[in-house]
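Enquirer: Return atomic coordinates for the entry below.
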Amino acid sequence: MNRVKKIIAILLLLASAAHAQFSRPWLIDTKNIRTDSLLWDLKELSSAPQFRWVDQAGPVRSLLYQSVDYEGKPTEVFAYYSNPDIIAGKPGGKQKFPGLVLIHGGGGKAFREWVEKWAREGYAAIAMDLSGNGPDGQKVAHPGPEQSNDNKFQKIEQGNLRDVWSYHAVASSILAHSLLLSFPEIDPIRTGVTGISWGGYLTCIVASLDNRFIAAAPVYGCAYYIESDVFKEPLNALSFNGRKLWIRHFDPASYLRYAKPFMYFINGNKDKHYNVGPYKKTCDLADNKQVCIIPDMPHSHKDGWAPVEIRTFFDGALNGNPRPFLSFSAVTVRDNQVVAVLKPVAGKQLASAEFYYTNDTTSDNEHRVWQHHPATYHPDIQSITYPVPKEGFKYAFIYLKDSDGVSGTTMFLQDGKVN
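Expert: Purely as a prediction, here's the structure:
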């Protein structure tokens with residue numbers, strides 16, 4: 001009898017320990033982030049920030065939460081929040097929702113309609129303003145840095161790296177995740193992050209540092225800013241030391257090798273700000289990823305959150321559909337053919353396949369000339385082929401659409417030649 005009591009006591013103790021482990025704040029695991037110069041205190045950012053509701057009426061709520069100091073002073077961040085119950089006007093129940101952190105780009109703000117879009121699609125979502133503004137465009141009482149080129153680049157010359165806009169934007173995005181995880185309606189093992197343009201750049205860093213995310217979808221934004229047609233200019237305007245510091249501390253290339261979430265990179269082939277060369281190199285850095293190249297994709301916030309592929313990705317990564325896309329198990333160039341082998345996906349049918357390529361190495365990325373032609377589908381061996389053009393190609397990709405209108409692509413291919 002005493003032995004039985006001891007076993008029960010041990011089981012109760014283990015259950016208590018397991019419950020304590022589950023109920024403690026979800027912490028970022030830093031053991032795999034091997035750098036001696038990390039600016040962010042990830043343990044501190046793992047804790048939910050203090051916050052207060054500004055408006056709890058209507059389908060989208062608003063709040064202010066505390067963020068890291070700027071120029072020695074505390075700051076606060078304005079954000080919108082909603083979830084499927086709130087958007088439907090229902091009282092909160094016991095259902096747990098997947099959560100998303102939404103990061104705006106240059107000239108952006110906390111987009112109410114972006115939150116509403118995701119809440120209607122079954123997600124709890126938070127979108128914050130990363131320029132120190134409230135809902136009316138006026139400064140909050142304790143703002144962080146404005147999203148200006150000076151704060152993004154020139155500020156680094158003043159010596160305090162933690163006053164650079166990117167430091168604050170990354171910290172505020174991670175804190176938004178910590179706040180989201182503190183809400184009882186959030187399923188803590190089903191959270192993701194997506195951002196557009198500069199928000200895509202931030203998504204690359206945030207997802208690399210915050211391994212509590214399961215999935216991340218950077219739109220447009222990538223690493224290797226010094227190779228961008230646009231961003232190399234403000235970087236080259238810095239001193240040699242300033243440029244070196246910025247690349248070391250604020251370029252996503254310094255962090256993407258640590259990324260644990262499933263990464264979904266989505267961009268166009270002619271984006272003005274994030275060109276093919278550095279984009280391909282960025283995608284190569286992440287181990288667990290999928291790439292979607294949408295031909296001639298426009299660059300804006302609304303164009304950045306519009307693609308159905310982003311919803312399809314998160315539905316797959318966070319809601320249990322393991323293979324929502326037509327995708328490839330292998331892509332090779334052999335015997336003067338580009339050969340792409342399709343992964344079988346139940347219920348997915350190929351509607352079209354095209355081969356895009358360019359040999360234009362003199363134009364900037366926005367004006368680069370691309371050719372595209374139908375590719376050949378071989379249903380018996382589940383593959384797509386296209387003959388390598390006689391002039392070869394500098395960059396290329398295969399672009400698919402399934403019968404539901406959802407895109408699937410290869411990564412960018414580079415330097416294909418006829419043998």
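
Enquirer: Return the helix or strand in this protein with minimum mean pLDDT.
Expert: Between all helices and strands in the chain, the lowest mean by mean pLDDT, DSSP states H and E belongs to helix 2-23, at a mean of 39.

Enquirer: And the next helix or strand past that helix?
Expert: Downstream of helix 2-23, the first helix or strand assigned by DSSP states H and E is helix 42-45.

Enquirer: Touching that next one from outside, list them.
Expert: Applying Cβ atoms under 8 Å, 6 or more residues apart in numbering, the contact partners of helix 42-45 are 27-28, 30, 33, 171, 174-175, 178, 209-210. C-betas here are computed from N, CA, C, even on glycine.

Enquirer: Can you say which of these are buried?
Expert: 28, 30, 33, 171, 174-175, 178, 209-210 (16 or more other Cβ atoms under 10 Å).

Enquirer: which secondary structure element contains the closest residue to Val276 other than its chain neighbours?
Expert: Distances taken as Cβ to Cβ, 6 or more residues apart in numbering place Tyr395 nearest to Val276, at 5.1 Å, with adjacent residues excluded. When elements are assigned from DSSP H and E, Tyr395 belongs to strand 393-402.

Enquirer: Could you list every helix and strand that that strand packs against?
Expert: strand 289-294, strand 337-342, strand 350-358, strand 383-387, strand 407-409, strand 413-416 (3 or more Cβ pairs under 8 Å, 6 or more residues apart in numbering; DSSP states H and E).

Enquirer: Rounded mean pLDDT for it, please.
Expert: Mean pLDDT, computed over strand 393-402, is 95.

Enquirer: How about stretch 208-220?
Expert: On average, stretch 208-220 scores 97.

Enquirer: likewise stretch 319-327?
Expert: 74.

Enquirer: Could you do stretch 133-141 as well?
Expert: The predicted model assigns stretch 133-141 a mean pLDDT of 93.

Enquirer: chain center to that stretch, what's the gap?
Expert: Between the centre of stretch 133-141 and the centre of its chain there are 25 Å (Cα atoms, centre = their mean, to the nearest Å).

Enquirer: Lowest-confidence one in the buried ones among the contacts of helix 42-45?
Expert: Least confident entry in the buried ones among the contacts of helix 42-45, by pLDDT: Ile33, with 84.

Enquirer: buried ones in stretch 45-62?
Expert: Using 16+ other Cβ under 10 Å as the test for burial, stretch 45-62 gives 45-46, 48-49, 51, 60-62.

Enquirer: Quick check: the farthest pair among those?
Expert: Ser46 and Val60 (26.4 Å; Cβ to Cβ).

Enquirer: Low-confidence stretches in the stretch 251-400 of the chain?
Expert: The model of the stretch 251-400 of the chain has pLDDT under 70 over residues 321-323.

Enquirer: let's see it at 80
Expert: Within the stretch 251-400 of the chain, the ranges that satisfy pLDDT under 80 run 320-324, 344-347.

Enquirer: before we move on, the earlier item: how far off centre is the strand holding Tyr395?
Expert: Remark: strand 393-402 is offset 22 Å from the chain centroid, using Cα atoms, centre = their mean.

Enquirer: now the angle from that strand to strand 383-387?
Expert: Inter-element angle recorded for strand 393-402 and strand 383-387: 140 degrees (by axes from the mean of the first three to the mean of the last three Cα atoms, to 10 degrees).

Enquirer: related to what we said a few turns ago, just send the contacts of helix 42-45 back as CSV, with distance to Glu354 too.
Expert: Output for the contacts of helix 42-45, formatted as CSV (distance: Cβ to Cβ, whole Å):
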residue, distance to Glu354
Leu27, 46
Ile28, 41
Thr30, 44
Ile33, 40
Ala171, 42
Ile174, 39
Leu175, 43
Ser178, 43
Leu209, 37
Asp210, 36
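
Enquirer: Downstream of whichever strand or helix holds Val206, the next helix or strand is which one?
Expert: Taking DSSP H and E as the criterion, Val206 maps to helix 198-209. Proceeding N to C from helix 198-209, the next assigned helix or strand is strand 215-219, under DSSP H and E.

Enquirer: Helix 198-209 and that next one, what's the angle between them?
Expert: 150 degrees.

Enquirer: List the contacts of Asp360.
Expert: Neighbours of Asp360 in contact, by Cβ under 8 Å, 6+ apart: 368-370, 394.

Enquirer: wait, which of those is closest to Leu326?
Expert: Using Cβ to Cβ, Trp370 is the member of these that lies nearest Leu326, at 21.4 Å.

Enquirer: ok, and the closest non-adjacent residue to that closest one?
Expert: That would be Thr358: by Cβ to Cβ, 6+ apart, it lies 4.6 Å from Trp370.

Enquirer: So that neighbour sits against His372, correct?
Expert: No. At 9.6 Å, Thr358 and His372 do not qualify as touching, with contact defined as Cβ atoms under 8 Å.

Enquirer: Looking at the two, which one has more neighbours?
Expert: Thr358 (19 against 15; other Cβ atoms under 10 Å).

Enquirer: just to revisit the earlier point, rebuild the buried ones among the contacts of helix 42-45 as JSON lines, extending it with distance to Lys289.
Expert: What follows is these, written out as JSON lines (distance: Cβ to Cβ, whole Å):
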{"residue": "Ile28", "distance to Lys289": "20"}
{"residue": "Thr30", "distance to Lys289": "22"}
{"residue": "Ile33", "distance to Lys289": "18"}
{"residue": "Ala171", "distance to Lys289": "25"}
{"residue": "Ile174", "distance to Lys289": "21"}
{"residue": "Leu175", "distance to Lys289": "25"}
{"residue": "Ser178", "distance to Lys289": "25"}
{"residue": "Leu209", "distance to Lys289": "17"}
{"residue": "Asp210", "distance to Lys289": "17"}
